[in-house]
Structure formats: C-alpha cells, structure tokens
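Novice: here is a sequence with its predicted model. Questions after.
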Amino acid sequence: MKLGIVGLPNVGKSTLFNAITKAGAEAANYPFCTIEPNVGVVTVPDKRLEVLTDIYKAKKTIYTTIEFCDIAGLVKGASKGEGLGNKFLGHIREVSAIVHVVRCFENDNIVHVNGHIDPLDDIDTINTELIFADLEVLERAIVKLNKNMKADKTLGKQVALLERVKAWLETGKCARAMELEDEEKEIISSMDLLTYKPVIYVANVSEDEVASEDNEYVAKVSEFAATEGAGCVKICAEIEAEMAALEDDEREMFLEDLGIEESGLDKLIKASYALLNLISYLTAGEPEVRAWTITRGTKAPQAAGKIHTDFEKGFIRAETIAYDRLIECGGSLGKAREQGLIRSEGKDYVVQDGDVIHFLFNV
C-alpha cells in the first residue's frame, strides 16, 4: 500500500512525513522544499503479532508495511505547470490513496502560502488542480472513444458515462463524491483519475489543541470529508516529530501526559485500512509470526496466494481459528483442536480480520 502525502506548502506535510517514517526529509519554512518525492516505509503496529511471537517463541516477527510518499506542496496553477506542478501531479497518480494534510493551526512564525488560515480554501485549491488535470484526461478519452465509436457502437454507453463525470467535475466536485453503479466504478477506476483516489484529510493542529474537541477548523474539515465519503484524522505533526525520537515505553507515557489514547500514525494507519477496505490475517509458528494484508472479502485461495502463488494454485483447505479464540486456549493449537475451535475451510471461505490460518496445498 502506497500513500501519497499532499498539501499546500508549509502546512506541516514534511514534518508529519519525517515523524511517521523517521526518514529525515527536509522540512523548511518556504515553498517547494520537497521537489523529488521522499519515500519512507513504516511497519503497521499489531499487538496480536507480539502476543503470538511470545507464545510460539518465534525467531522472526514480520509486520505488514505501508509506504508513504511525501509529494511536494501544490499551488494554484499546478495543473498548468505552476510550481513544477505537472511533475508533482504525476507522482500522485502512482499512489493507492492520498493523505491530504490541511493546516488547522495559527502561527505567525510559519508563513501560509495564501496569507491566511482557511482549511476549506486550502482543500479547494488542491482539489481544483486535481480536477483540472482529470478534465484533461477525460477530454482526451472522450475524443478517442468518439473516433472509435464509428466501428464499435457499444462504446456510446462509456462515452455517456465519461461525459457525466466530466460535467460533475466542472461543478467543482471530485469524482470520488459521485454515486456510480459497480460497472461504472470499474470503468472510472481504470482511468486512474486523481479525484477518484480515496482520500484521508489530516487536520494538522497545534500541540495545545491536540486533545481538544473545540477546533473550528477541524470541524469544518471533518464535515467536508463526510460529503466525499473521505476519512478525516486530527494530528499534531509537531508532537509526532517529538515522539519519533522516543522509545516505545517513553512514547506511551508521553501520550498519556497529553491525554491522547493513540499516536497520529496509529490513527492514520487505521483510517487508511478502513478507507481502502483492508484487513490482516495472521500466520504463526516457531520459524516466524507474520501479518498479511488483504482486501476485505478475499476468499481463502486468493489469501493463500499472498504467501506464494503455489499456495493458491494447489489450494486444498485452510485450517482457521480466530485470534481471540486461540488466545483463550493459551495459544495452544492442540487445545483449540480438542475444543473444536479450529475450522477446516474450503475455497469459498471469506477470510476475516485476525484469522490465524494454516494453508494446506498440493502442487
């Protein structure tokens, strides 16, 4: 999973990236500090793996990962090349989802590129540039389809869909906010439109407001996100930067002192999984304990294919137990088997989050 972090210059985008990936991207108080996208890979925290590692005395613990890509700040006119915009728009096309950082804090020492704090205006600036870029893609596609329609009349339905999406974008709304049939969604997904990519809006607040529910800027961002079916997470990038230098136990104490239950990174990862409809199943044994990320609704053979294509080709069955049930048995598969808690599932079984699975296959 690759997430692209975008936003206007000086909204805390690179500070957040530095904190969550500890990659040390340059963060400075002037526009276009980030030119080439910085990339960092972070492990997805999962306490279930820690518990299973202790139970099985596993030699290795392998967490699933997320790749974050820090894309340079966009400005008005990016779709026409302003601020090296075309290059940055190209980087956005490569990601699974967009993490859109929005400034929701006042600070006279940090310049705002538009001269004032207005998160909805900032969102509109970015989205407008993405819309302009998508309109160009749609216009080219419509011209091409119209030419081909002379030989294939069935393309008329597709042209009508693209015309409808184009008209929607021209109202200033993103494609992801449209109501589409499943077949239409497949067509639009294949076009790789920037405004159809899933989005999480990150409301970046000051340190003294991170535990408060009274930030009117955050409320506005949250309300807007709901209109698009997008995610919204409140984070203080400065706090995340401070925590990045701490050990795990120190980090927990730090969060407790601030009155925060979980870090911004944890919240962002949870929101990313929910937005992209992802879950994790687990494999456990003495050699290694590991998490595997799949799309919710994946059936057992395809889930097995994440481990190795041979597992999917020669799939026989999946011996499965829910993580919570396994822990109730003290982590003992023998005890779980005695109690009839280990299930033998076939090709139509839909894997659930937290399933501990042993695949049987024959190639």
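Specialist: That came in fine, so what should we check first? A quick note: this is a predicted structure, and the numbers were derived from the prediction, not measured.
Novice: what segments of the stretch 101-250 of the chain are helices?
Specialist: Along the stretch 101-250 of the chain, counting by DSSP state H, counting those that start in this stretch, helices occupy 119-148, 156-169, 182-190, 216-228, 237-244, 248-258.
Novice: most tightly packed of the ones you listed?
Specialist: helix 237-244 (a mean of 20; mean count of other C-beta atoms under 10 Å). Quick note: C-beta positions are derived from backbone N, CA and C, even for glycine.
Novice: just checking, what packs against that one?
Specialist: helix 13-21, helix 248-258, helix 264-275 (3 or more C-beta pairs under 8 Å, 6 or more residues apart in numbering; DSSP states H and E).
Novice: show me the domain layout of this structure.
Specialist: Listed domain ranges for the chain are 2-275, 297-361 (source: automatic domain parsing).
Novice: quick one: which of the ones you listed is nearest residue 290?
Specialist: Residue 290 lies closest to domain 2-275 among those, at 4.2 Å (C-beta to C-beta).
Novice: gap between the closest one and the chain center?
Specialist: 8 Å (C-alpha atoms, centre = their mean, to the nearest Å).
Novice: what is the end-to-end distance of that domain?
Specialist: 13 Å (C-alpha to C-alpha, to the nearest Å).
Novice: a markdown table please, covering the helices and strands packed on helix 237-244 and showing distance to residue 300.
Specialist: Formatted as a markdown table, the helices and strands packed on helix 237-244 follow (distance: least, C-beta to C-beta, whole Å):
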| stretch | distance to residue 300 |
| --- | --- |
| helix 13-21 | 33 |
| helix 248-258 | 34 |
| helix 264-275 | 20 |
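Novice: need those in CSV (columns: mean pLDDT and distance to residue 305).
Specialist: Formatted as CSV, the helices and strands packed on helix 237-244 follow (pLDDT from 0 to 100; distance: least, C-beta to C-beta, whole Å):
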stretch, mean pLDDT, distance to residue 305
helix 13-21, 83, 29
helix 248-258, 84, 34
helix 264-275, 88, 20
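Novice: so which of these comes closest to residue 319?
Specialist: Nearest of these to residue 319, taken as C-beta to C-beta: helix 264-275 at 25.3 Å.
Novice: so, low pLDDT: which residues of the stretch 51-200 of the chain?
Specialist: Applying pLDDT under 70 to the stretch 51-200 of the chain flags the ranges 72-88, 108-116.
Novice: helices of the stretch 251-363 of the chain, start to end?
Specialist: So, for the stretch 251-363 of the chain - with DSSP H, counting those that start in this stretch - the helices run 264-275, 300-305, 309-313, 323-328, 333-338.
Novice: other SSEs contacting the second one?
Specialist: I take that to be helix 300-305. Helices and strands touching helix 300-305, by 3+ C-beta pairs under 8 Å, 6+ apart, are strand 288-295, helix 309-313, strand 315-322, strand 355-361.
Novice: which among the ones you listed is found nearest to residue 120?
Specialist: strand 288-295 (31.9 Å).
Novice: that closest one pairs with which strands, parallel or anti?
Specialist: Sheet pairing for strand 288-295, assigned by DSSP bridges, gives strand 60-62 (parallel), strand 278-284 (antiparallel).
Novice: now residue 348. Nearest residue, chain neighbours left out?
Specialist: For residue 348, ignoring the flanking residues on the chain, the nearest one in space by C-beta to C-beta, 6 or more residues apart in numbering is residue 299 at 6.3 Å.
Novice: I'd guessed that neighbour sits against residue 351; true?
Specialist: Yes. With contact defined as C-beta atoms under 8 Å, residue 299 and residue 351 form a contacting pair (7.1 Å).
Novice: which of the two has more neighbours?
Specialist: Between residue 299 and residue 351, residue 351 has the larger neighbour count (other C-beta atoms under 10 Å), namely 26 against 18.
Novice: the more buried one touches residue 304, doesn't it?
Specialist: No. Taking contacts as C-beta under 8 Å, residue 351 lies outside contact range of residue 304: 9.2 Å.
Novice: what is in contact with these two at once?
Specialist: Residues touching both residue 351 and residue 304 (C-beta atoms under 8 Å, 6 or more residues apart in numbering): residue 318.
Novice: picking up where we left off before, of the strands paired with strand 288-295, which is nearest residue 231?
Specialist: Comparison of the strands paired with strand 288-295 against residue 231 by C-beta to C-beta identifies strand 278-284 as nearest, at 12.7 Å.
Novice: which other residues reach the closest one?
Specialist: Residues from elsewhere that reach strand 278-284 (C-beta under 8 Å, 6+ apart): 1, 44, 46, 48-49, 52, 55-56, 58, 64, 272-273, 289-296, 303, 307, 323, 351-358.
Novice: at 6 Å what do you get?
Specialist: 52, 56, 290, 291, 292, 293, 296, 351, 353, 355, 356, 357 (C-beta atoms under 6 Å, 6 or more residues apart in numbering).
Novice: which phi and psi does the first one have?
Specialist: Here is the backbone geometry of residue 52 (degrees, to the nearest 10): phi -70, psi -30.
Novice: separation between it and residue 304?
Specialist: Residue 52 is 19 Å from residue 304, where distance means C-beta to C-beta, to the nearest Å.
Novice: more neighbours: which of those two?
Specialist: More crowded of residue 52 and residue 304, by other C-beta under 10 Å: residue 304, with 27 against 24.
Novice: so that one sits against residue 310, correct?
Specialist: No. Look at residue 304 against residue 310 with C-beta atoms under 6 Å: they stay out of range, at 9.0 Å.
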